[in-house]
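[1] Just a sequence and a predicted model for now, questions to come.
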Amino acid sequence: TFWMNLRKNIILVVVFSCLGAWYYFYEMVGGERRELEKVESRRLLPGVSSNEIQEIEIRRITRVPEGISVNPEQIGGYLLQFTKIDGMWGLTQPVKAPCHQASFQALLKHVTNISKGRIVDESPESYKAFGLDFPAFKLKISTENNNLLLSLGDENPTGDSFYMLVDNQPEVFLLDISLKEFLVKSVNYYRDKRIAPVSVSDITEVVIRSGPQSETVTAMKSEGNWILKKPFEAPADQVRFKELFKLITSQKVKDFIDRPDDLLYFGLNPPVMSLQLKTPDKTFNVALGTDADPGGKTRYAKSDTQDAVLIIEKELSDILGNEPFYFRAKEVCSLGNSLIKKISIHGKDGPVELIRDEHQNWLLVKPEQHDADDSAVSDYLSELEYFRATGIRRGNNSIGKQSATIKLTGQDDKIVERMVFGDVPEDA
């Protein structure tokens, strides 16, 4: 009896194990596979990935009033055409323009996964009842080897689906209404609205022309910091350039004027002012023209990445219209982390010289020798660092008569900073 019971138990264990394995592989693993196959079978582009799609056309068709007989092929409408060129999507109809990639990718993802719903009518006598005699939309999706044409008519009574024809098939299907939000968007929704499609980290040189009679400002990036090269060599105001780059990358085009007849009308030939951004691989040019509205809140602009004239807010022109000094660093004395060993001052009352001893205490050595007030010397150096320039003059006698000099020497006996003071400006 014991052996018979053991045998029965072993058989039961084997049977239940087999049933469990069957359930797992057929119902769990197989069920997921069958569900994926079911979803795939309903896709209008089965087996096609978004990378394989080469072109998308959206045609919004003008609906014809009741009682007017017109050939559907002669009906006008609004055409949006997107084409992939060199791996990048762009608009080719009604204008040729770069795409806003995020907006287009949402459309592309939706189009790639379009699935047909249930069949409403396998062979209708007339398509008029479904709004498919003159469809509201036509959607054409092209891959390298195939084209798919969808005709979308009226919404169904519940408003959650379109009536749809697929290619030349007679059946009327339902299509989820969620596609509609992409079909009704204007061309500007899909356009790239960046003034210049450049990454700030890639910019190595900036050229600013604030007007035909103004001096050109050229700045270059060196070791992560911006330095002015023209019209004078000087450290650049890092905050000013950061503001400029933030504006270039964040400000969006407000509107487009396609196929402009004459750039002179917009103040763009020649431009009122211009900006050039250079990267190691490419140069981006942005020209600014006259005011685009009576209140002067917007400007006409032209980018070499767009065929259209752009309308942008005036903030960019407010920055570019400044004098070269606006872009210069205003700090007069930049000590950084330098440890000052010696201070030499020459003024109308004679020389003053202080040195730091081996204990880091300050000693006055000129005009007489005695201990210096360390706190007062420290405050003096701090005040030098807080000096800010309010303007700039250039020329051989730009400072007038020399009245004082300050020279700061570092631990390695190299001059860290040397300042020369002249006359008080007449307009000070």
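    Thanks, I have the structure now. Residues are numbered from 1 along each chain as shown.

[2] Tell me which strands the host helix or strand of residue 207 pairs with, and in which orientation.
    Element membership for residue 207 (DSSP states H and E) is strand 205-209. Strand pairing for strand 205-209, using DSSP bridges, gives strand 216-222 (antiparallel), strand 273-278 (antiparallel).

[3] next one: the last one to chain centre, how far?
    I take that to be strand 273-278. 17 Å (CA atoms, centre = their mean, to the nearest Å).

[4] Over to stretch 365-382?
    With CA atoms, centre = their mean, you get 53 Å for stretch 365-382.

[5] Span of it from start to end?
    21 Å (CA to CA, to the nearest Å).

[6] pLDDT (mean, whole number) over that stretch?
    For stretch 365-382, the mean per-residue pLDDT is 89.

[7] Residues in contact with it: which ones?
    The contact list for stretch 365-382 (CB atoms under 8 Å, 6 or more residues apart in numbering) reads 335, 340, 343, 350-355, 361-364, 408. Every C-beta, even on glycine, is put in place using the N, C-alpha and C of the backbone.

[8] Let's see that with 10 Å instead.
    333, 335, 340, 342-346, 349-357, 360-364, 406, 408, 417 (CB atoms under 10 Å, 6 or more residues apart in numbering).

[9] List the buried residues for it?
    Buried positions in stretch 365-382, judged by neighbour count with 16 or more other CB atoms under 10 Å: 372, 377, 380.

[10] which secondary element of the chain has the worst mean pLDDT?
    Ranked by mean pLDDT, DSSP states H and E, the helix or strand of the chain with the weakest confidence is helix 30-42, at a mean of 58.

[11] host element of the nearest residue to residue 148 once chain neighbours are set aside?
    Take residue 148 and drop its neighbours on the chain: the residue closest to it by CB to CB, 6 or more residues apart in numbering is residue 141, 4.5 Å away. Here residue 141 sits within strand 137-143, counting by DSSP H and E.

[12] and the host helix or strand of residue 150, how far out from the chain's middle?
    Taking DSSP H and E as the criterion, residue 150 maps to strand 147-155. Offset of strand 147-155 from its chain centre (CA atoms, centre = their mean): 34 Å.

[13] The helix or strand following it versus strand 147-155: what angle between them?
    The helix or strand immediately downstream of strand 147-155 is strand 161-166, counting by DSSP H and E. Interaxial angle, strand 161-166 versus strand 147-155 (axes from the mean of the first three to the mean of the last three CA atoms, to 10 degrees): 150 degrees.

[14] So what touches strand 161-166?
    By CB under 10 Å, 6+ apart, strand 161-166 touches 44, 114, 116-118, 120-121, 124, 127, 129-132, 135-139, 148-156, 171-180, 183.

[15] Check which helices and strands the following helix or strand past that strand is in contact with.
    As assigned by DSSP H and E, the chain's next helix or strand after strand 161-166 is strand 172-176. Applying 3 or more CB pairs under 10 Å, 6 or more residues apart in numbering; DSSP states H and E, one finds that strand 172-176 contacts strand 119-121, strand 147-155, strand 161-166.

[16] Secondary structure class of the residue most central in space within the chain, three-state.
    The chain has residue 249 as the residue nearest its centroid, 4.9 Å off, counting by CA atoms, centre = their mean. Of the three states, residue 249 takes helix under DSSP: H, G, I helix; E, B strand; the rest coil.

[17] in this protein, which spans are helices?
    2-22, 30-42, 101-112, 180-183, 238-250, 315-320, 374-386 (DSSP state H).

[18] Tell me which of the ones you listed approaches residue 327 most closely.
    helix 238-250 (5.4 Å; CB to CB).

[19] Other residues contacting stretch 413-428?
    Taking CB under 10 Å, 6+ apart as the rule, stretch 413-428 contacts 332-336, 338-342, 344-347, 381, 384-385, 387, 390-391, 393, 397-410.

[20] what ranges of the chain fall below the confidence cut-off?
    By pLDDT under 70, the weakly predicted segments of the chain are 1-6, 21-41, 62-77, 336-338, 395-398, 425-428.

[21] Give me the neighbour count for residue 164.
    26 (other CB atoms under 10 Å).

[22] tell me the contacts of residue 172?
    119-124, 127, 129-130, 132, 151, 153, 163-166.

[23] hang on, I meant residue 272
    209-212, 266, 287-291, 299-301, 317, 320-321.

[24] That one and residue 293: what is the separation?
    Separation of residue 272 from residue 293 (CB to CB, to the nearest Å): 15 Å.

[25] now residue 189
    On the measure of CB to CB, residue 189 and residue 293 end up 22 Å apart.

[26] Looking at these two, which one has more neighbours?
    Higher neighbour count among residue 189 and residue 293: residue 189, with 14 against 11, using other CB under 10 Å.
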